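Novice: Okay, predicted coordinates and the sequence, questions at the end:
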Number of protein chains: 2
Amino acid sequence: MTRSDAQRNREKILAAARTSFAEAAEPISMAELARRSGVGMATLYRNFPSRRHVLEALFADEVDALLTAAEDTTLLPWLRQFFAFLQSKHPIGAELLDLSNDDAAVLEHGRHRVTAAAEPLVTAAQRCGEVRGDLTPEQILAMVKAIAQVPGEPAYVEPILEATLDGLRPRDRWRDGARSR
Amino acid sequence: MTRSDAQRNREKILAAARTSFAEAAEPISMAELARRSGVGMATLYRNFPSRRHVLEALFADEVDALLTAAEDTTLLPWLRQFFAFLQSKHPIGAELLDLSNDDAAVLEHGRHRVTAAAEPLVTAAQRCGEVRGDLTPEQILAMVKAIAQVPGEPAYVEPILEATLDGLRPRDRWRDGARSR
């Protein structure tokens, strides 16, 4: 098997796992995951010795995507991506926490990486006056994270998120910039 | 014993219970509660047959205080009181939920009363243009409730609450009213 075949198998497994998380009410078994990925059990277990390894890889991939997005956008659109990440990753994070105490370290590491990625975006947004200066990156992330835990349909939760993000605007900007908007 | 003596005993017990909740890391026993209240065990049990009854009475008292406050204020100051209520009542609510499934009904009833109290305040604030019109009372309460769950010291959490409450202002008001502020 070539290196790219191996990479393709890994990606097929992760894609199937990602879909199954989004769709299935119940966690799927490793056998079911192999079936849905179209790979054999041996290939599945060579890539991921346990269900926990699948979850960790999914979680790390999503954190990577969020970090990549941070390189190419500004704070407010990125906070919406962070919100979507929190909502979609909630079942993975919850199951990781259930599976083992060690996994709290995986989540904690992800949290540090996300905070580090948020810092330059917050600094830039505060410097150009888009975002109020009295909150730290940690506080802004905590705010969005709290709203992501509001239960309900998107049509119910998203207006709450939008109002919350409006609260990040500096008051002075609304006053001084009122005529130019 | 006169009626007012009986009332005074009940209030002494609830005051001691309230203080013990604010201070003690561990839930205090009924015996300890009697000692701190300065009443006998018989008096304690006549007023409150179980610890759960104490918790329910504390919770109902705090909901009453919140409802009384709603009659005499406007939305934003009241939301700050609601926030303080959520933070201080969290241990009581959590213990009530632990003690029995029935108690979810007590909390649910409290939730309905609080939502009903919020409605006229939200309507008034929206009508006079203090608060944006695209959120329902339930959504506004859910927003404040979410922020009340952010872990941390008041100096960390309160600026997050203030930013969130700023987000309740209608954008138009900032624009149109910019010169008159």
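Specialist: Right, received. Where do you want to start? Numbering: from 1, shown residues only, chains lettered A, B, ... in the order given.
Novice: For chain A, give the residue positioned nearest to chain B.
Specialist: In chain A, no residue comes nearer to chain B than A:Gly167, which is 2.7 Å away by C-beta to the nearest C-beta. No exception for glycine: its C-beta is placed from N, CA and C like everyone else's.
Novice: Quick check: closest non-adjacent residue to the spatially most central residue of chain A.
Specialist: The residue at the geometric middle of chain A, judged as the C-alpha nearest the mean C-alpha position with C-alpha atoms, centre = their mean, is A:Phe85 (2.8 Å). Take A:Phe85 and drop its neighbours on the chain: the residue closest to it by C-beta to C-beta, 6 or more residues apart in numbering or on different chains is A:Leu66, 5.3 Å away.
Novice: List the buried residues of the helix or strand harbouring that neighbour.
Specialist: In the assignment (DSSP states H and E), A:Leu66 maps to helix A:51-70. Residues of helix A:51-70 classed as buried by neighbour count (16 or more other C-beta atoms under 10 Å in any protein chain shown): A:51-52, A:54-59, A:62-63, A:66, A:70.
Novice: Please apply the same query to stretch A:140-151.
Specialist: Within stretch A:140-151, the residues that count as buried by 16+ other C-beta under 10 Å are A:140-148, A:150.
Novice: got a list of what the residue of chain A closest to chain B touches?
Specialist: With contacts defined as C-beta atoms under 8 Å, 6 or more residues apart in numbering or on different chains, A:Gly167 is in contact with B:163-168.
Novice: who wins for most neighbours among the residues you listed?
Specialist: When neighbours are counted by other C-beta atoms under 10 Å in any protein chain shown, B:Thr164 leads those with 26 neighbours.
Novice: Distance-wise, check it relative to B:Ala57.
Specialist: Using C-beta to C-beta, to the nearest Å, we find B:Thr164 at a distance of 31 Å from B:Ala57.
Novice: List the buried residues in whichever strand or helix holds A:Ala125.
Specialist: Following DSSP H and E, the helix or strand that holds A:Ala125 is helix A:103-127. For helix A:103-127, the buried set under the neighbour-count rule, 16+ other C-beta under 10 Å, comprises A:103, A:106-107, A:110, A:113-114, A:117-118, A:121-122, A:125-126.
Novice: can you list contacts of the helix or strand following that helix?
Specialist: For helix A:103-127, the succeeding helix or strand toward the C-terminus, using DSSP H and E, is helix A:137-148. Surrounding helix A:137-148, the residues in contact under the criterion C-beta under 8 Å, 6+ apart are A:75, A:79, A:82-83, A:86-87, A:90, A:114-115, A:118-119, A:122, A:131, A:135, A:157, A:160-161, A:164-165, A:168, B:143, B:146-147, B:149-150, B:152, B:156, B:159-160, B:163-164.
Novice: helices and strands around the helix or strand just after helix A:137-148, which ones?
Specialist: Scanning forward in sequence from helix A:137-148, with DSSP H and E defining helices and strands, the next element found is helix A:154-166. Contacting helix A:154-166 under the criterion 3 or more C-beta pairs under 8 Å, 6 or more residues apart in numbering or on different chains; DSSP states H and E are the following elements: helix A:75-99, helix A:137-148, helix B:137-148, helix B:154-166.
Novice: Off-centre distance for the second one?
Specialist: What it means is helix A:137-148. Centroid separation between helix A:137-148 and its chain, computed with C-alpha atoms, centre = their mean, to the nearest Å, is 13 Å.
Novice: now the last one
Specialist: Per C-alpha atoms, centre = their mean, the displacement of helix B:154-166 from the mean C-alpha position of its chain is 18 Å.
Novice: Could you give the average pLDDT over it?
Specialist: The average pLDDT within helix B:154-166 is 96.
Novice: C-alpha coordinates for it, CSV please?
Specialist: Listed in CSV are the C-alpha atoms of helix B:154-166, where the atom choice follows Å, rounded to 0.1, in the frame of the first residue of the first chain:
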residue,chain,number,x,y,z
PRO,B,154,-16.9,38.4,39.8
ALA,B,155,-14.1,40.6,38.4
TYR,B,156,-13.8,38.1,35.5
VAL,B,157,-17.4,37.4,34.9
GLU,B,158,-19.0,40.8,35.4
PRO,B,159,-17.4,42.5,32.4
ILE,B,160,-18.7,39.6,30.3
LEU,B,161,-22.2,40.2,31.6
GLU,B,162,-21.9,44.0,30.9
ALA,B,163,-20.8,43.4,27.4
THR,B,164,-23.7,40.9,26.9
LEU,B,165,-26.2,43.4,28.3
ASP,B,166,-24.8,46.1,25.9
